[in-house]
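any chance you can model this:
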Amino acid sequence: MAKKPLGFVIQRGNSPIDGNPFVAVMTLESGNRKTGNMCQVWILREDINPVEALATGEDYSICGNCIHRKQANGKRSCYVNVGQAPLSVWRTYKAGGYVDLTVPADVNIGMLLNGRKIRWGAYGDPSILDEQVVRDLNKFAAGHTGYTHQWRQEFAQWCKGVFQASCDGFADYLDASAHGWKTFAVVPQGSDAFSGKQCPATVNNSTAQCRTCSLCDGAKTDIFVEAHGTGAKNFVGV
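Predicted coordinates:
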């Protein structure tokens with residue numbers, strides 16, 4: 001490979017949530033302090049930029065019933081600022097800045113992922129992706145993390161053992177656990193946890209990163225985190 005690409009288009013398709021078009025892009029470098037330098041998968045509306053999608057509710061296609069989306073009262077507890085990395089990725093995609101990936105057996109991605117870990121769903125819910133795309137890329141990777149709010153949906157059942165079930169209250173945790181999921185729970189700031197262990201990357205003075213931890217691979221254990229980011233104050237739990 002003469003020049004290392006910025007990233008790959010790993011899938012285009014129609015969302016199983018509502019049938020609208022999405023694109024999934026995997027970028028290869030990240031300066032995210034919490035995750036470390038993992039490959040990051042961004043799942044975006046293919047036809048609408050993420051800022052507009054959030055404003056109009058069209059992000060439902062790629063986020064589904066996640067309660068951290070913008071609500072009717074205008075409040076939003078999602079930690080992702082869509083006007084930053086998601087918008088930049090979408091614009092780069094529209095400008096033809098990413099290479100289309102052929103899965104499986106793409107020798108280029110095999111070389112690039114050797115020893116690297118993947119963060120599935122830096123934005124968007126990875127359950128809407130094709131199962132085979134995820135499994136093929138995970139075979140090349142040294143590990144992965146991922147979360148889905150769609151764990152109750154039939155189309156997302158293949159994600160059990162691959163991604164954590166995102167839970168926003170004790171009832172969610174009990175339900176997901178009863179159905180065999182490992183969970184990732186968000187609790188309001190200052191609230192008591194009800195499941196698992198705290199995300200090591202969020203413990204005070206910790207040097208852990210998702211890249212070095214990888215507990216959130218859908219198979220190991222239950223994890224919790226306090227709501228964080230600019231919208232954290234808007235999350236009260238369910």
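
what's next to stretch 165-180, contact-wise?
66-68, 147-149, 151-152, 160-161, 181-186, 194-195, 222, 235, 237-238 (C-beta atoms under 8 Å, 6 or more residues apart in numbering). The way it works is simple: take the backbone N, C-alpha and C, and place the C-beta from them, glycine included.

in the protein, which spans are helices?
50-56, 60-63, 85-94, 107-113, 131-140, 170-178, 210-213 (DSSP state H).

quick one: terminal-to-terminal distance for stretch 25-40?
Length of stretch 25-40, first residue to last, C-alpha to C-alpha, to the nearest Å: 8 Å.

for it, buried residues please.
25-28, 30, 35-36, 38-40 (16 or more other C-beta atoms under 10 Å).

next one: stretch 7-23
7-11, 15-17, 20, 22-23.

do stretch 40-52 as well
Neighbour-count burial for stretch 40-52 [16+ other C-beta under 10 Å]: 40-46, 48-51.

what's the answer for stretch 76-87, then?
76-80, 82, 85-87.

what's the closest non-adjacent residue to the residue nearest the centre of the chain?
In the chain, the centroid-proximal residue (C-alpha atoms, centre = their mean) is Gly121; its distance is 1.8 Å. Of all residues beyond its chain neighbours, the one nearest Gly121 is Gly146 (5.6 Å), with distances taken as C-beta to C-beta, 6 or more residues apart in numbering.

and that neighbour, what does it touch?
Counting by C-beta under 8 Å, 6+ apart, Gly146 has contacts 119-121, 126, 159, 162-164, 216-218.

tell me which two of the residues you listed sit farthest apart.
Spanning the widest gap among the contacts of Gly146 are Arg119 and Cys159, at 14.9 Å by C-beta to C-beta.

hang on, Gln11 packs against Val134?
No - applying C-beta atoms under 8 Å as the test, Gln11 and Val134 come out as separate, 9.2 Å apart.

for the lowest-mean-pLDDT helix or strand in the chain, name the packing helices and strands.
Using mean pLDDT, DSSP states H and E, helix 107-113 stands out as the lowest-scoring helix or strand of the chain, at a mean of 70. Here helix 107-113 touches helix 131-140, going by 3 or more C-beta pairs under 8 Å, 6 or more residues apart in numbering; DSSP states H and E.

how far does the helix it packs on sit from the chain's center?
15 Å (C-alpha atoms, centre = their mean, to the nearest Å).

quick one: buried residues of that helix?
133-134, 136-138, 140.

from those, pick the one nearest Ala72.
Val134 (32.6 Å).

would you list every one of the strands in this protein?
Under the criterion DSSP state E, the chain contains strands at 7-14, 21-27, 39-45, 99-100, 117-123, 143-148, 164-167, 183-187, 197-198, 223-226.

next, count neighbours for Tyr98.
21 (other C-beta atoms under 10 Å).

could you verify my assumption that it touches Ile10?
No - between Tyr98 and Ile10 there is no contact under C-beta under 8 Å: 9.2 Å.
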